[in-house]
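> just the structure for this:
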Amino acid sequence: MRRRSMFVRSALIVAATAAFGATPAIAAGQLQGTLAVQAIAPPTADLQPVSVTAQATISNVCDGATFCGYAPKVTTIAATAQCSPQATSSSWAGDALSDAQGRRPQSFTATWQERPWIYAGPKRACLYAFDGSSDVLVAETTYTVPGVPSPTPLRPDPTGADLIRTAIPRSVGVRRAYGYRLSSANVPRAVGAKRFAVLARTAAKRWGLREVGTTRAAPRSGDGRDTVGFARDVPRVALGVTRIRSVRYYRRVGGVTRIVRERVVERDLSLAVGVAWHVGPGAPPSDKVDLQTVVVHELGHYAGNGHVRDCANSPMWTGLRPGEWWYSRSDWFQFGCSNAPGATATPTAATSSLRSVPGAGDARPLLVQRTVRKVFLD
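From the prediction side, this is the model:
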């Protein structure tokens, strides 16, 4: 097995020698060229790459005893960096030229892609010629990667006409007629009290929940009131938390302790204040968290539902990233889920793994906390 490996390696060396010849490497002074990047069209959507096209020329001056073939390539670096004498990686690589081709001036069209959601701003392109043993820096130029344009913001409909109102199906979770009070406290200015109220009421009706009043007090577990709203005691990493307090009654029968019943005495839904919320209309951009999805999720806990695995067609995922949403079984998107109907809008993200999507960020948890007080009956 070892002999075969050595033979294959030798064959590769012979092939490389045949392609570029056994003559000395080209001297740096023998190669000259130009490199110019054409205007780059900006992306029209989040997570959309942009195409870069550059025109390159290379002239090679060598004597009759020197092999003149080479392979052109372009590397890209930050504009503040300097082109390295040796190219460590290439954004574009052209075909290897023969000796006859290398003796004539050549023009190339180099193309590659940039991802504005990772980097937008000035960059430097370096043009090299590889002679079979080393890279020769021939030309360089700077260019600018355009950022994602800010779309014209749409104003949310104050009546909530842009929101989905269909009931949550049983295949997603149970619906209950539990009551709640809607809090107007701590609502972020970017969300707006009216928009939050219509978001919360619409989502609650989808779960079959009943509004029994309003309050200016923030949700606070232990105050004996069932409240939905924004609060400042949400765990720092979380987007929201539903706290359920209950009393569990036990009875000892024949030396065995059994649960007789359990009664929920309080439910509270608290949303985080310091979050870049997206309140609609439409799906969230890649740098904002969809408030409608978070409210639907937490009210799902309020109705008695637990978490589901990632990529399940349900709003009850354990966490949510900026740019993700769940509005209905036919309108949702989660990074890395090829079964998501919204995946067609962001193909780059949809085909990537959950933990390796550039710009997607980490999922922030959506919490449910249960507090149980035990009572033993005589």
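> farthest residue from the center of the chain?
Gly254 (56.9 Å; Cα atoms, centre = their mean).
> do you know how far it is from Thr202?
In this view, Gly254 and Thr202 are 51 Å apart by Cβ to Cβ, to the nearest Å. Using the backbone N, CA and C atoms, a C-beta is placed for each residue, glycine as well.
> now do Pro188
Pro188 is 19 Å from Thr202, where distance means Cβ to Cβ.
> now do Arg267
Counting by Cβ to Cβ, the gap from Arg267 to Thr202 is 19 Å.
> neighbour count: these two, which is higher?
Arg267 (25 against 16; other Cβ atoms under 10 Å).
> isn't that one up against Val241?
No: in this structure Arg267 lies outside contact range of Val241 using Cβ atoms under 8 Å: 11.6 Å.
> name the helices or strands packed onto the longest strand along the chain?
Longest strand of the chain, by residue count under DSSP state E: strand 256-271. In terms of contacts (3 or more Cβ pairs under 8 Å, 6 or more residues apart in numbering; DSSP states H and E), strand 256-271 is packed against strand 227-230, strand 240-253, helix 291-302, strand 364-377.
> I'd like these laid out as JSON lines, including mean neighbour count, mean pLDDT and distance to Ala81.
Shown next, in JSON lines, are the helices and strands packed on strand 256-271 (neighbours: other Cβ atoms under 10 Å; pLDDT from 0 to 100; distance: least, Cβ to Cβ, whole Å):
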{"stretch": "strand 227-230", "mean neighbour count": "25", "mean pLDDT": "98", "distance to Ala81": "45"}
{"stretch": "strand 240-253", "mean neighbour count": "17", "mean pLDDT": "94", "distance to Ala81": "43"}
{"stretch": "helix 291-302", "mean neighbour count": "26", "mean pLDDT": "98", "distance to Ala81": "41"}
{"stretch": "strand 364-377", "mean neighbour count": "14", "mean pLDDT": "94", "distance to Ala81": "34"}
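> now render these as a markdown table, adding distance to Arg155.
Output for these, formatted as a markdown table (distance: least, Cβ to Cβ, whole Å):
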| stretch | distance to Arg155 |
| --- | --- |
| strand 227-230 | 21 |
| strand 240-253 | 25 |
| helix 291-302 | 15 |
| strand 364-377 | 27 |
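> go through those and name the closest to Val52.
The closest of those to Val52 is strand 364-377. By Cβ to Cβ, the value is 34.0 Å.
> from the chain's centre, how far out does the closest one sit?
32 Å (Cα atoms, centre = their mean, to the nearest Å).
> give me the angle between it and strand 256-271.
140 degrees (axes from the mean of the first three to the mean of the last three Cα atoms, to 10 degrees).
> strand 364-377 vs strand 240-253, what angle?
20 degrees.
> can you list contacts of strand 364-377?
Residues from elsewhere that reach strand 364-377 (Cβ atoms under 8 Å, 6 or more residues apart in numbering): 221, 235, 237-252, 257, 260, 262, 289, 294, 297-298, 301, 306-307, 317-321.
> could you export that strand as CSV, CA atoms only?
Extracted in CSV, the C-alpha atoms of strand 364-377 (Å, rounded to 0.1, in the frame of the first residue of the first chain):
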residue,chain,number,x,y,z
ARG,A,364,-31.9,33.2,21.1
PRO,A,365,-34.0,31.0,23.4
LEU,A,366,-37.8,31.1,23.8
LEU,A,367,-38.5,30.0,27.3
VAL,A,368,-41.2,28.4,29.4
GLN,A,369,-40.7,28.2,33.2
ARG,A,370,-43.0,26.2,35.5
THR,A,371,-43.2,26.6,39.3
VAL,A,372,-45.1,23.9,41.2
ARG,A,373,-46.2,24.2,44.8
LYS,A,374,-47.0,20.8,46.4
VAL,A,375,-49.9,20.2,48.7
PHE,A,376,-50.5,16.9,50.5
LEU,A,377,-54.1,16.1,51.3
